[in-house]
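A.B. asks: below is the sequence, then the predicted model.
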Amino acid sequence: MKVFLSFSLADSEWVGEFADSLRDGGFDVLRWDTGVFSPGETTEESFRRSLESADILVPILTERSVRNPSVMFEIGFARGLRKSVVSVVLSAEGERPAIPSDLSGQLVIRASSPRQAAEQMKRYAAFRDDDKKA
């Protein structure tokens, strides 16, 4: 399953660990900040091609990213393409960060560690695969 990660650069370290855990679990991971740009393409063309090739958009929601217009744009763009959106909300034990109202009704994974989030994504992928087979 190919996932496109959307996030704030301020969360790059956490996202890197999450991406590694997803790859270890068999996911093909696309990050807009690494490896999605092709020579001669504009940023918009590279982003569009990458998101269109992905099965799921996974926005990483933190206090910083929910105020980032690029992350919100990517979520809207994915919805316009009718892509699945599975948000990962970073939260320390006992915290419940606010989720933007336009994401209500979407699947949300709450996690305090990259590995925990990746494990939950694996469960979602297995459920989704089983659902498609039925």
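C.D. replies: Now that the structure is in, tell me what you want to look at. Numbers count the residues shown, from 1 in each chain.
A.B. asks: which elements pack onto the helix or strand harbouring Glu119?
C.D. replies: Under DSSP states H and E, the secondary-structure element containing Glu119 is helix 114-133. Contacting helix 114-133 under the criterion 3 or more Cβ pairs under 8 Å, 6 or more residues apart in numbering; DSSP states H and E are the following elements: helix 12-24, strand 84-90, strand 107-111. Heads up, the C-betas are built off the backbone N, CA and C, glycines and all.
A.B. asks: just the buried residues of it, please?
C.D. replies: When burial is assessed from 16 or more other Cβ atoms under 10 Å, helix 114-133 yields the following buried residues: Pro114, Ala117, Ala118, Glu119, Gln120, Met121, Lys122, Tyr124, Ala125, Arg128.
A.B. asks: roughly how far does Ser113 sit from Ser91?
C.D. replies: Here the distance between Ser113 and Ser91 works out to 10 Å (Cβ to Cβ, to the nearest Å).
A.B. asks: try Val15
C.D. replies: When distances are taken as Cβ to Cβ, Val15 and Ser91 turn out to be 15 Å apart.
A.B. asks: which one's more surrounded, these two?
C.D. replies: The residue with the greater number of neighbours, taking Val15 and Ser91 and applying other Cβ atoms under 10 Å, is Val15; the counts read 26 against 14.
A.B. asks: now that one: closest residue in space that isn't a chain neighbour?
C.D. replies: Leaving aside its chain neighbours, Val15 sits nearest to Phe7 (4.9 Å; criterion: Cβ to Cβ, 6 or more residues apart in numbering).
A.B. asks: got a list of what the one you found touches?
C.D. replies: Val15, Pro59, Ile60, Thr62, Ser65, Val71 (Cβ atoms under 8 Å, 6 or more residues apart in numbering).
A.B. asks: and of these, the nearest to Thr42?
C.D. replies: If you rank the contacts of Phe7 by distance to Thr42 using Cβ to Cβ, Val71 comes first, at 19.5 Å.
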